[in-house]
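[1] Sequence first, predicted model second:
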Amino acid sequence: MAKDTVLTAEEVIEQASKYLSGSDLEFIRRAYQFAEKAHSEQYRKSGEPYIIHPIQVAGILVNLEMDPETVAGGFLHDVVEDTDITLEEIEEAFNTEVSMLVDGVTKLGKIKYKSKEEQQAENHRKMFVAMAKDIRVILIKLADRLHNMRTLKHLPAEKQRRISNETLEIFAPLAHRLGISTIKWELEDTALRYLNPQQYYRIVHLMKQKRNEREHYIEEVIDEIRSQLKDVNIDADLHGRPKHLYSIYRKMVIQNKQFNEIYDLLAVRITVNSIKDCYAVLGIIHTCWKPMPGRFKDYIAMPKPNLYQSLHTTVIGPKGDPLEVQIRTHEMHEIAEYGIAAHWAYKEGKPVSTERSFEEKLTWFREILDWQSETHDAEEFMESLKVDLFSDMVYVFTPKGDVIELPSGSVPIDFAYRIHTEVGNQTIGAKVNGKMEPLDYELKTGDIIEVMTSKHSYGPSKDWINLAQTSQAKNKIRQFFKKQRKDENITKGKELVDKEIRNFNIQPKEVYTSDNLKRVAEKFNFTNDEDMFAAVGYQGITAAQIATRLTEKIRKQKQKEQNLEQTLADVSTTEIKTSPKPSKKDSGVRVEGVDNLLVRLSKCCNPVPGDDIIGYITKGRGVSVHRTDCLNVQTEEAQTRLLPVEWETSATDSKQYHVDLEIWGYDRRGLLNEVLQAVNETKTNITAVSGKSDRNKMATIHITILIQNTSHLRKIVERIKQIQEVYTVRRVMQ
C-alpha cells in the first residue's frame, strides 16, 4: 500500500479476499461495521471522519497478509480507548482472541499519573506485556503508528517532534528487532522529516542530483550480472536496492561521513531459488569485481535474531565505485521485508507461528514478562528495555559455535545469565578466545566465551548488579539475593524504611497500619508488605520510595493543620485591626470548630446556599469559600490549604447572592426583553446585563442576578428555558 493512498473499507476487504476465505471476510467486515458505528460521531485533527484511521490500519495489516483476528483488531483497535464500548462487548460480538488483541493496544486512560512521561511509560509497559503473550499486539500497534506518522502533518509542531522521537526510540527499533523492514524504514524516514527537516530535504536533494546517473549505472551492472548468471543457468530476480534517507543520515552524522563517502548508495539485490544458488552467485560476483576487505557478511550461515538471512558483499564496481550486493532466496526476501509478520501470515488455514522453531527464536521476547515482574517502576522498565532490545548489539559465540546476541557493552556475566540462570549463579570466571579475562571485560563481536563454573560457588556478588549491562542478568542476580536472604532482607529493608520515615518527623508505628501497608505494596506490584521490605533490602526498590508513599496521607494532614494554624493566627491579627464584628455572619458560611474568623464568598465561582462548598485558607485574608467544582481549588497546591465549611441554615432565607448566567439562543427581535421580563416575573433583582450576536444570528446574553439559594436559581433557569428560541441556560464562573 502506497503511503499516500487512502483506502476504503471495501478496498481493504477486496485486498483481503486474495488470501482469506468467505467466512473470514465476513468476520472482518463485521469488525469494520462495528467500528464504523462506534466512531460515527468522531473526527481526526485533519477534519476527516475518525473511521478512516482504523481502515488504513487494517489495510496495512492486510498488506502483511495477517490472520482475520489481527485484521479485525486493526479495525477495532481504538474502539475501547475512544468510545463507550467495553472489552466485554467486543468479546461477545467477536471472540476472546480479538478482545485480547484490542486490550493489548488500548492505553491506560482512566488512571491518574504524576506526569505524562510516567503515563506513557506505563502504556508502553502494558503493550509489551501483552505483546509477550501474543506477538500480534505489536503488529497492530506498528500499523497504528505507521498511519499516525503518515498523517502527522495535521498536528502541532511540538507534538510532531514528541511523537517522532518516540517512534525513533521505541517503534522503529522494535520493527527492526522483529525484522519488518518495510515498516521500519518508513517510520525512520518520516520521523527524520519532522525532527530534522533541514537534513532530510538536503539528503533528498543530494540523492536527486545524480539519480539518473546512478540508475543508469545500476542498469549496466544488472545487465552484466544477468548475462553471467544466464551462462550458468541460474534463475534470479535483480533489482536496484533503494537507499533509505534515515540510514544515510545516520552514517553522515554518527560516522561523520560526507554524502559521497557512503558506499551503499549503489546497491543491487539478487533473489534466487535456493541457498546453493546464493553462494554460486556470490562466487560469480567476486569473479567479476574485486571484493572490498572486511565488507562481506554471511547472514545465511549465521542469521540475525530477527530471522533475517542474506549474503552481503561490497565490491569495486566497473567504474571504480563501491557497489553493495545482497543475495538471498525468495523466502529469505519475504522474511527480510515482513519479518515476524511473515510467520504470522495467514497461509493454508493457520498461522505459521505454531512452528516450535519459530517460537524458540523468540525466547528473548518472552523474557519481557520476567523483566516487568521484577521492575516496579515503569520508566525504569522502559529504560532497561531500550538497553536490552534497541541498543547496538554484539554477536558472540559459545564454545560449540552457537551465536548469542547481547547489547553492546555486555560483559561475561550477561553472557552467563543468557545461557542459563544456574550458569550465571555458579560463575567463577570466564575465558574469552581461550584467555582468562575479568568479569567486567567488554565483549566484542566474534569473541568466543567459555564460562567457568563451580558447584561450590557461593553465588553472585552484589557488585555484579553494577557490572551487568542487561536487565535479564541484573534481575536474575536480584532474584538470587531475594530467595537466599529473604528474612535478612526483610529486616534490613524495614530498618531502612523506618529511618526514612523518621526523616519526615513521623514515627513508623503511625503509618504501619495493615490498610496502609497493603495499599503501598499493591501500588508497587508486591504481593504483601514482607515482599516489599525484602525488595528494599536487596535494592530492588529504594527505601525513600516506600517511605514517601507510606507517609503521604499523614504529611498532607500535618501540612494542612500547619497552614490552618498559621492562617488563623494571621486572620486573628487582621480582624483585630479591621473587623470588630465576626464577618462570618455576612457570608452565611460557618467554619467548623472556629469562631470569629474572616470568611468571604469567592467571586470566581459565586457559591450560593445549596451548592457544595469548600474553604480555602488564604494568606492574610481569612478563608475564601468556593464551590467544590471550582477550578481554582483543583490544583495540587490548593489541596493542602482546604478545610471543611458549611452553610448556616439561618442565612439561606435572609441574604441574597450574586449569580452569573449565560443564555444562548437565536437572535430574534425582542429576545432580550423576554429574558428580562421572565426574570422579573420571578421577583428577582438583576444587577448587570450584557449581550452580543454573532454573524450566524446566534445571541449570547450574560445577566447577573441576586438569589437566595439553589432552589430559587432553578426556578429562574426553568422560567428562562421556556422562552422560545432559547437553547441553553448555564451558570458561569468568572
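    Right, received. Where do you want to start? Numbers count the residues shown, from 1 in each chain.

[2] Start from the N-terminal end of the stretch 601-734 of the chain and give the helices.
    636-639, 651-654, 671-681, 710-721 (DSSP state H, counting those that start in this stretch).

[3] hmm, I was thinking of the stretch 401-550 of the chain
    412-419, 421-425, 464-467, 471-484, 486-502, 508-511, 514-523, 529-537, 543-578.

[4] Same question for the stretch 151-300 of the chain.
    Secondary structure of the stretch 151-300 of the chain by DSSP H, counting those that start in this stretch: the helices cover 157-166, 172-177, 181-195, 197-209, 211-231, 245-253, 275-288.

[5] do you know which of the ones you listed lies nearest residue 598?
    Residue 598 lies closest to helix 157-166 among those, at 44.2 Å (Cβ to Cβ). Yep, even glycine has a C-beta here, placed from its N, CA and C like the rest.

[6] you'd agree residue 720 is up against residue 680?
    No - Residue 720 lies out of contact with residue 680 (Cβ atoms under 8 Å); the separation is 11.5 Å.

[7] between the two, who's got more neighbours?
    residue 720 (21 against 11; other Cβ atoms under 10 Å).

[8] Do you know the pLDDT at the more buried one?
    For residue 720, the pLDDT comes out at 90.

[9] Next: the one 5 residues further on.
    Per-residue confidence (pLDDT) for residue 725: 84.

[10] How many residues are close by it?
    Neighbour tally, residue 725, other Cβ under 10 Å: 12.

[11] gap between it and residue 675?
    11 Å (Cβ to Cβ, to the nearest Å).

[12] what does residue 692 give?
    Using Cβ to Cβ, one obtains 14 Å as the distance from residue 692 to residue 675.

[13] can you check residue 289 too?
    89 Å.

[14] In terms of neighbours, single out the busier of these two.
    Between residue 289 and residue 675, residue 675 has the larger neighbour count (other Cβ under 10 Å), namely 24 against 19.

[15] wait, the more buried one sits on residue 720?
    Yes - assessed by Cβ under 8 Å, residue 675 is found in contact with residue 720 at 6.1 Å.

[16] tell me, what's touching these two both at once?
    Overlap of the contact sets of residue 675 and residue 720 (by Cβ atoms under 8 Å, 6 or more residues apart in numbering) consists of 663, 726.

[17] Now do the helices in the stretch 1-150 of the chain.
    Listed in chain order, the helices of the stretch 1-150 of the chain (DSSP H, counting those that start in this stretch) span 9-16, 22-38, 52-63, 68-76, 79-82, 87-93, 96-105, 116-133, 136-150.

[18] Reformat these as CSV; add mean pLDDT and distance to residue 423.
    Listed next are the helices of the stretch 1-150 of the chain as CSV, based on pLDDT from 0 to 100; distance: least, Cβ to Cβ, whole Å:
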stretch, mean pLDDT, distance to residue 423
helix 9-16, 90, 47
helix 22-38, 91, 46
helix 52-63, 91, 40
helix 68-76, 92, 37
helix 79-82, 86, 43
helix 87-93, 89, 41
helix 96-105, 86, 33
helix 116-133, 57, 23
helix 136-150, 88, 30
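
[19] out of the ones you listed, deepest packed?
    helix 68-76 (a mean of 29; mean count of other Cβ atoms under 10 Å).

[20] Quick one: residues contacting residue 531.
    The neighbours of residue 531, taking Cβ under 8 Å, 6+ apart as the test, are residue 521.

[21] pLDDT wise, what is it at?
    With respect to pLDDT, residue 531 has a value of 84.

[22] can you check residue 650 too?
    pLDDT, read off for residue 650, is 62.

[23] same thing with residue 430?
    91.

[24] what's the neighbour count on it?
    22.

[25] That one and residue 407: what is the separation?
    For residue 430 relative to residue 407 (Cβ to Cβ), the value is 17 Å.

[26] now do residue 333
    28 Å.

[27] so where is the stretch 451-600 of the chain shaky, pLDDT-wise?
    Applying pLDDT under 70 to the stretch 451-600 of the chain flags residues 560-587, 593-596.

[28] please redo it, this time with the cut-off set to 80
    456-458, 462, 471-472, 475, 478-479, 481-488, 538-540, 557-588, 591-597 (pLDDT under 80).

[29] How about the stretch 301-450 of the chain?
    Within the stretch 301-450 of the chain, the stretches with pLDDT under 80 are 304-307, 319-321, 336-395, 401-403, 405, 407-408, 445-446.

[30] switch to 50 and redo it
    347-361, 371-372, 376, 387 (pLDDT under 50).

[31] shaky segments in the stretch 601-734 of the chain?
    For the stretch 601-734 of the chain, no range has pLDDT under 50.

[32] how close does the spatially closest residue to residue 692 that is not a sequence neighbour get to residue 694?
    Using Cβ to Cβ, 6 or more residues apart in numbering and skipping residues adjacent in sequence, the residue nearest residue 692 is residue 700, 5.6 Å away. Using Cβ to Cβ, residue 700 is found at 8 Å from residue 694.

[33] of the two, who's got more company?
    residue 700 (15 against 9).

[34] just checking, that one touches residue 667?
    No - between residue 700 and residue 667 there is no contact under Cβ under 8 Å: 9.1 Å.

[35] if I look at the two, which residues touch both of them?
    residue 693.
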